[in-house]
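Engineer: how does the following fold in three dimensions:
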Amino acid sequence: MLDEFASIHHWTAARQESKWQLRRGVITGIGDDTAVVDPASAEDGVAAPKRLLLAVDTMVETVHFKQSTMRDEDVGYKALAANISDIAAMGGVPLHALVSVSVPPSYSPERMRRLYDGLYECAERYGVAIAGGDTTSSPGQLVVAVTVTGTVEAGRELLRSGAKPGDAVFVTGAVGMSAAGLHALLAQEERTGEKQFPADFSGQPEASLVHAHQRPSPSVRAGRLLLSRGSCRSLNDVSDGLASEAWEIAEASGLRLVLREALLPRSGSMAAYASRTGIDPLEWMLYGGEDYVLLGTMAAEDAEPMRAVFQQEGLPFFIIGETEEGEPGVELVRHNQANAGQGRLSPSEKREKLKKRGYNHFL
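Structural biologist: Numbering: from 1, shown residues only. Prediction:
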């Protein structure tokens, strides 16, 4: 059994070169009492003056994942990806991460090594320097808490509170895939009774859904494009569900978001899986969460040009509704309503109020 310091060395040694970390602004990394960073010197593409972004997220075994739904390396990858998504939702660039783990006896040194394999894989993909953290024991479940820093041009950070009446509402990718993937994993567990390892869906129709749940892709490039364009007025990442995130923008901005079902992007694999299981895909799309695409509002006149910019970059971009004056809330025009998806909504169209519902730890 390795002690604390030997464990940290086993998990983190020789992962990221000090010269590379220095280019991300890390002066002193793992191995001292605190990390020392200089965000101003980081090669991050952010023009000075900069502001520092801070985000923290925690994953708890049996709450966020189970051994039947996530491999150890998936847990590490997703724990960092969820935080990077918060930086993306501000239009920022992720730079550094602090990783805290509370490890139960059931997790051997090799299992934790695999968790860090996934964490460093995500860090490499998004240019994040792992600069430190903390390690404790846990009496029962594994807990992984990650803090991420990032930078953004001063005064240009994209908040939830900037939406204006008449804005176009957009999303930067399909929604509902992660929730459908989780459903497939849990259904397989129920069928087989296997609780120790995730089912292998390779080659099966649900493979892309399971991958979306286990290995989400935070939308950093999309966030930077939205910020640089200058017409995006509010932004949020879809972590707790599209309806929940839309409500957050509505309340923060003091207006109403109107979404159109006919325009909501859905993957073919999710729709097919929903049909096979007899589940309304809209439930996953609106309330599933953990898609980590970006939801926001922007000047309506620039929505189509923005779509073209995203297309040139090979990135998805969907206009899904608009904002209007009124009591803060979120409404949905169902696809069978007249003129759904055809220009602006008419006063005669019937709307369905969406509940302020999504994943909530305390309900």
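
Engineer: can you give me the strands in the stretch 251-363 of the chain?
Structural biologist: Secondary structure of the stretch 251-363 of the chain (DSSP state E, counting those that start in this stretch): strands located at 256-260, 294-298, 318-324, 329-333, 352-353.

Engineer: by contact count, what packs against the first one?
Structural biologist: Okay, so that is strand 256-260. Contacts of strand 256-260 with other secondary structure elements, assessed using 3 or more Cβ pairs under 8 Å, 6 or more residues apart in numbering; DSSP states H and E, are made with strand 168-171, helix 242-253, strand 318-324, strand 329-333. C-beta here means a position set from N, CA and C on the backbone, and glycine is covered the same way.

Engineer: against which helices or strands is the first one packed?
Structural biologist: What it means is strand 168-171. strand 256-260, strand 294-298, helix 303-312, strand 318-324.

Engineer: from the middle of its chain, how far away would the first one be?
Structural biologist: The gap between where strand 256-260 is centred and where its chain is centred comes out at 21 Å by Cα atoms, centre = their mean, to the nearest Å.

Engineer: send me that strand as PDB with only the CA atoms.
Structural biologist: Output for strand 256-260, consisting of C-alpha atoms alone and laid out as PDB, is shown next (Å, rounded to 0.1, in the frame of the first residue of the first chain):
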ATOM      1  CA  ARG A 256     -38.800  35.200 -21.000                       C
ATOM      2  CA  LEU A 257     -37.200  32.600 -23.200                       C
ATOM      3  CA  VAL A 258     -39.400  31.000 -25.800                       C
ATOM      4  CA  LEU A 259     -38.000  27.700 -27.300                       C
ATOM      5  CA  ARG A 260     -39.400  25.900 -30.300                       C
END
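
Engineer: quickly run through the sheet partners of that strand, with directions.
Structural biologist: strand 318-324 (antiparallel), strand 329-333 (parallel) (DSSP bridges).

Engineer: averaged pLDDT, the longest one. What do you get?
Structural biologist: What that stands for is strand 318-324. Mean pLDDT, strand 318-324: 98.

Engineer: export only the CA atoms of it, formatted as CSV.
Structural biologist: As requested, the backbone C-alpha atoms of strand 318-324 are provided in CSV (Å, rounded to 0.1, in the frame of the first residue of the first chain):
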residue,chain,number,x,y,z
PHE,A,318,-28.7,25.9,-33.8
ILE,A,319,-31.1,28.8,-33.4
ILE,A,320,-33.9,27.4,-31.2
GLY,A,321,-36.1,30.3,-30.2
GLU,A,322,-36.1,33.9,-29.0
THR,A,323,-36.4,36.1,-26.0
GLU,A,324,-39.2,38.6,-25.1
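
Engineer: which residues does it contact?
Structural biologist: Strand 318-324 is contacted by residues 163-173, 253, 255-260, 263-265, 297, 300, 303-304, 307, 333, 344-345 when judged by Cβ atoms under 8 Å, 6 or more residues apart in numbering.

Engineer: show me where this protein has helices.
Structural biologist: With helices called from DSSP state H, the chain shows them at 4-12, 18-23, 72-88, 109-126, 177-192, 207-214, 220-229, 242-253, 268-277, 281-287, 303-312.
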